[in-house]
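A.B. asks: sequence and computational prediction follow.
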Amino acid sequence: MTDKLQPKAIIFDLGSTLIEYEKIPWAEMSIQSMKDVAKFLRKKKIEIPQDEEFLKLFEDVKADYRKLASDKYIEWTVPKATESLLKKLSIEYDDKLIDGMFEAYYRQVEKNLSIYEDTAETLELIKTKGLTIGLVSNTIFPESAHLKELKKFKIDKYFDFTLFSSTFGLRKPHPDIFYKAANLAGYALSECVYIGDRYLEDFTGPESIGMHAILKKIDKREYPDNMPKSMRTISTLSELVEHIDLIEEELEVNEE
C-alpha cells in the first residue's frame, strides 16, 4: 500500500456508505412502495387500474427514465416518474398530489433505514482533524428527503456541503458532479478524496478526473474482476484511518 492520503476534503456517498438503505432488495421495496401509492390514490377517490397493471405501467415509465440515466447520466426522480404515470393515465394532478404520492412511496424506504455503527464516529474524527466534509449522492428521491435523514441520524452537522443528483440533474460517474463537489469544497480535485460503494460511480468516476477515491466493498455485491490491484478499499468506515492521515501519532518521550 502506498503512503496515506492527506486530503483537505473528504467527500462521501450516502447509501450503503453512511446509511443502509438495502435491508430488503430495491425491487421488492419498490413494489410495496407503489402499492402504497395506489392505496393513497384510491383514498383520494382517484380511479386507477388494478395493482398489477398499475405497477407494470409505472415500470414502463421508469424504463424510459432509466435508459436516459444509463446512456447520458441524466437523473430522474420518483416525483417526475409518478407525474408521467398520471399523464399516461389521463389523470389531472397538481403539486400537492405529486407530493402526497411521493410521501406514500417513501414510507417503505424510510421504515427500512439504519445508520452504520461507525458512521458518526468516523465523521467526528474527520471533523476533529479540521477537514472539509462533503456528500455527493446519486438519488431518485428529492433532496429534502435525504436532508431529513441526515437530521434524523444526527449527522447533518458534520457536512460542509451536500450535493444530490436529483437536484444537480446529472448522476455519478458524470465528471461534472465531481467538479461541482470540488468547487463546493473549495479545493483542487487532487486535494479531495471520494468514498463510496460502487466501482463505476464511486471509484472510476472520481479517479478518471484526478480525484482520489476509496471503494467501500459491500459483502455479496459483485464487483468487476479487472479492478486495479493497487486501488484502495475498505469494508467499514473505521478502516479509513488505514488510508487517510487522520490519527495524530504519539510522540515518543525519551526518559533521561
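C.D. replies: Cool, got the structure. Numbering: from 1, shown residues only.
A.B. asks: tell me the buried residues in the lengthiest helix in the chain?
C.D. replies: Criterion DSSP state H: the longest helix present in the chain is helix 51-72. Using 16 or more other C-beta atoms under 10 Å as the test for burial, helix 51-72 gives F54, L55, L57, F58, V61, K62, Y65, A69. Where you see a C-beta, it was placed from the backbone N, CA and C, and this is true even at glycine.
A.B. asks: for these, which one is nearest D160?
C.D. replies: When the buried residues of helix 51-72 are compared for distance to D160 (C-beta to C-beta), A69 wins out at 27.5 Å.
A.B. asks: ok, now how distant is that closest one from K220?
C.D. replies: 24 Å (C-beta to C-beta, to the nearest Å).
A.B. asks: one more: Y93?
C.D. replies: Where K220 is concerned, Y93 sits at a distance of 40 Å (C-beta to C-beta).
A.B. asks: between the two, who's got more neighbours?
C.D. replies: Set Y93 next to K220 and count neighbours by other C-beta atoms under 10 Å: Y93 wins out with 16 against 4.
A.B. asks: excluding chain neighbours, give the residue nearest to that one in space.
C.D. replies: Closest residue in space to Y93, ignoring its immediate chain neighbours: L86 at 4.7 Å, by C-beta to C-beta, 6 or more residues apart in numbering.
A.B. asks: following the helix or strand where the one you found lies in sequence, what is the next regular element?
C.D. replies: In the assignment (DSSP states H and E), L86 maps to helix 78-88. Later in the chain than helix 78-88, the nearest helix or strand by DSSP H and E is helix 95-111.
A.B. asks: quick one: list the elements packing against the following helix or strand past that next one.
C.D. replies: Next along the chain after helix 95-111, taking DSSP H and E as the criterion, comes strand 114-115. If contacts are counted by 3 or more C-beta pairs under 8 Å, 6 or more residues apart in numbering; DSSP states H and E, strand 114-115 sits against strand 19-20.
A.B. asks: report pLDDT for D99.
C.D. replies: D99 is assigned 98 on the pLDDT scale.
A.B. asks: near it, how many other residues are there?
C.D. replies: 13.
A.B. asks: tell me the pLDDT of the nearest residue to it once chain neighbours are set aside.
C.D. replies: Closest residue to D99 apart from its sequence neighbours, by C-beta to C-beta, 6+ apart: P79 at 7.5 Å. We have a pLDDT of 98 for P79.
A.B. asks: ditto for the one 5 residues further on
C.D. replies: Model confidence at S84, expressed as pLDDT, equals 97.
A.B. asks: correct me, but L135 touches F12?
C.D. replies: Yes - L135 lies in contact with F12 (C-beta atoms under 8 Å); the separation is 5.4 Å.
A.B. asks: which residues are in contact with both of these two?
C.D. replies: Common neighbours of L135 and F12, using C-beta atoms under 8 Å, 6 or more residues apart in numbering, are L18.
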